[in-house]
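Chemist: my questions are about this predicted structure, shown below with the sequence.
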Amino acid sequence: MTRYFLDTGPMLGVTFLHDLWRDESEQLFDTDNTLYTCDAAIYEYCNYDGSNDLDTADIDLESEEGRFGQILSKVRLAQRSLDIKLQSYEDDELDLETLTDEFIEETGLEDEIKPEELIDKRIKPNVSEYLVKKIDGREVTKEVAREAMDDLCDEIETEARNMQAMLARRVKRAPEREDNWADTKKRLRFVDDRIDKVILCDAANMREMDLLSRVVTTDSNHMYSNRDRIDAILGLTIVFIKDEFSEARLPSSPDTE
């Protein structure tokens, strides 16, 4: 088995059907590798409520705040908007592509993800696949469309909560550090995100314990783009999720149990 340390991205990826990195995250979690994360990543995932601080927040995988709550809220809002919007269509104006496009627009993904080709290649196929199964060969009328989109949003919410519960069982929490690694954080000043600095220090602490050396991220900005500098300072290998988890089975790694 391989040991990997996860930042927030792969956990969100396996949680939401319409996440950019859904397929790779599923493949990662389907393996028998040992997966770790830390309080900082969980805080960002589902505990940050807009005012609480990492040092004082209650850290658990049962809350619906953080990025988890933000995405869930957008899906709920989209569900209501889609029901109203689809009533304005004529039956002959509706097809699978239109429904998929409307879901993408109402959930705000067009504004969040650039370039748009990523949405076409990575998100639309998963949404379309669900709708094809739900529609099951029926003519796409207004009634069928509203039913399918309602079920899609319900399924995303239900599956998200199931995946959140799975994370609590599947992912191990990193050991606490003995100090706050202030000097190391200063050396990581090129990593602009404060939470990412903490995540990296928690992973580096595990590397010093000879437990692992690989961090899986979906963050191409703060982490992966600085992977060489992070490796030089912390001795961590930053793995971009698509580079290592795009196949059904994962390669072997020196971090074995």
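Modeler: Received the coordinates, thanks. Numbering: from 1, shown residues only.
Chemist: excluding chain neighbours, what is closest to T98?
Modeler: Of all residues not flanking T98 in the chain, Y89 sits nearest, at 7.8 Å (Cβ to Cβ, 6 or more residues apart in numbering). Every C-beta, even on glycine, is put in place using the N, C-alpha and C of the backbone.
Chemist: for the stretch 1-150 of the chain, which segments count as strands?
Modeler: In the stretch 1-150 of the chain, the strands defined using DSSP state E, counting those that start in this stretch lie at 3-6, 34-37.
Chemist: closest one to C201 among these?
Modeler: Closest of the strands of the stretch 1-150 of the chain to C201 is strand 3-6, at 11.2 Å (criterion: Cβ to Cβ).
Chemist: buried sites along the helix or strand where D228 lies?
Modeler: Secondary-structure assignment from DSSP states H and E places D228 in helix 227-234. By neighbour count on 16 or more other Cβ atoms under 10 Å, the buried set for helix 227-234 is R227, I230, I233, L234.
Chemist: cool, and stretch 128-142?
Modeler: For stretch 128-142, by 16+ other Cβ under 10 Å, it's Y130, L131, K134, I135, V140.
Chemist: that older thread, give the other helices and strands that the helix holding D228 contacts.
Modeler: Helix 227-234 makes packing contacts with helix 182-187, helix 194-208, strand 237-240 when contacts are defined by 3 or more Cβ pairs under 8 Å, 6 or more residues apart in numbering; DSSP states H and E.
Chemist: repeat the analysis, applying 7 Å as the threshold.
Modeler: If you count contacts as 3 or more Cβ pairs under 7 Å, 6 or more residues apart in numbering; DSSP states H and E, helix 227-234 packs onto helix 194-208, strand 237-240.
Chemist: so which of the ones you listed is the most surrounded?
Modeler: Highest mean neighbour count of the helices and strands packed on helix 227-234: helix 194-208, a mean of 21 (counted as mean count of other Cβ atoms under 10 Å).
Chemist: tell me how many other residues surround R76.
Modeler: 14 (other Cβ atoms under 10 Å).
Chemist: and L28, which of the helices and strands packed on helix 227-234 is closest to it?
Modeler: strand 237-240 (10.0 Å).
Chemist: which strands border the closest one, and is each parallel or antiparallel?
Modeler: strand 214-217 (parallel) (DSSP bridges).
Chemist: just the CA atoms of the partner strand, as CSV, please.
Modeler: Provided in CSV are the C-alpha atoms of strand 214-217 (Å, rounded to 0.1, in the frame of the first residue of the first chain):
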residue,chain,number,x,y,z
ARG,A,214,3.7,12.5,-1.2
VAL,A,215,0.9,15.1,-1.1
VAL,A,216,-2.0,14.8,-3.6
THR,A,217,-3.5,18.1,-4.7
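Chemist: can you point out the buried residues in stretch 108-121?
Modeler: The neighbour-count check on stretch 108-121 (16+ other Cβ under 10 Å) flags L109, I119 as buried.
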